[in-house]
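Engineer: Sequence and predicted model, in that order:
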Amino acid sequence: MIGNRSHPDQIDRFLIQCGIPESELDEFYAGRNLRRSHLLACNKMKRNVRVIGALLICISIGIPVISFGQATILVSLGLLGYGVALAITGNLTVYQA
């Protein structure tokens, strides 16, 4: 869940469900060198990347309307593919191995 950049409240609910008392959650995070503020920042970053992906999708739709030509269509398709990948994954490095 942490690797997927889930919301800290969702992580807390999962940990409580696994049997960790709510009073010991801070100790659990401290033992793993994690901060809730960092987890929340990662979650917000994922959401912002998804918004950027949606904007790229909109831009890729607008490019063929403004200009014509095969090169602009290829650029539009490239932006569309990258925008869809960003919107789905929420990760800017979606195409890195």
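Structural biologist: Yes, it's here.
Engineer: Only C-alpha atoms from now on, for both contacts and neighbour counts.
Structural biologist: Noted.
Engineer: the helices in this structure, which residues?
Structural biologist: 8-17, 25-31, 36-66, 70-89 (DSSP state H).
Engineer: Output these as JSON lines; include the columns mean pLDDT and distance to residue 2.
Structural biologist: Output for the helices of the chain, formatted as JSON lines (pLDDT from 0 to 100; distance: least, CA to CA, whole Å):
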{"stretch": "helix 8-17", "mean pLDDT": "88", "distance to residue 2": "8"}
{"stretch": "helix 25-31", "mean pLDDT": "87", "distance to residue 2": "11"}
{"stretch": "helix 36-66", "mean pLDDT": "87", "distance to residue 2": "7"}
{"stretch": "helix 70-89", "mean pLDDT": "85", "distance to residue 2": "14"}
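Engineer: Reformat those helices as a markdown table; add mean neighbour count.
Structural biologist: Listed next are the helices of the chain as a markdown table, based on neighbours: other CA atoms under 10 Å:
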| stretch | mean neighbour count |
| --- | --- |
| helix 8-17 | 14 |
| helix 25-31 | 12 |
| helix 36-66 | 17 |
| helix 70-89 | 18 |
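Engineer: Out of these, which gets nearest to residue 1?
Structural biologist: Closest to residue 1 of the helices of the chain is helix 8-17 (CA to CA; 6.7 Å).
Engineer: Could you name the helices and strands sitting against that closest one?
Structural biologist: Applying 3 or more CA pairs under 8 Å, 6 or more residues apart in numbering; DSSP states H and E, one finds that helix 8-17 contacts helix 36-66.
Engineer: run the last query once more with 6 Å
Structural biologist: If you count contacts as 3 or more CA pairs under 6 Å, 6 or more residues apart in numbering; DSSP states H and E, helix 8-17 packs onto no helix or strand.
Engineer: Determine how far it lies from the middle of the whole chain.
Structural biologist: A distance of 19 Å separates the centroid of the chain from that of helix 8-17, by CA atoms, centre = their mean, to the nearest Å.
Engineer: Just the angle for it relative to helix 36-66, thanks.
Structural biologist: With axes from the mean of the first three to the mean of the last three CA atoms, to 10 degrees defining the directions, helix 8-17 sits at 130 degrees from helix 36-66.
Engineer: Thank you kindly, that will do.
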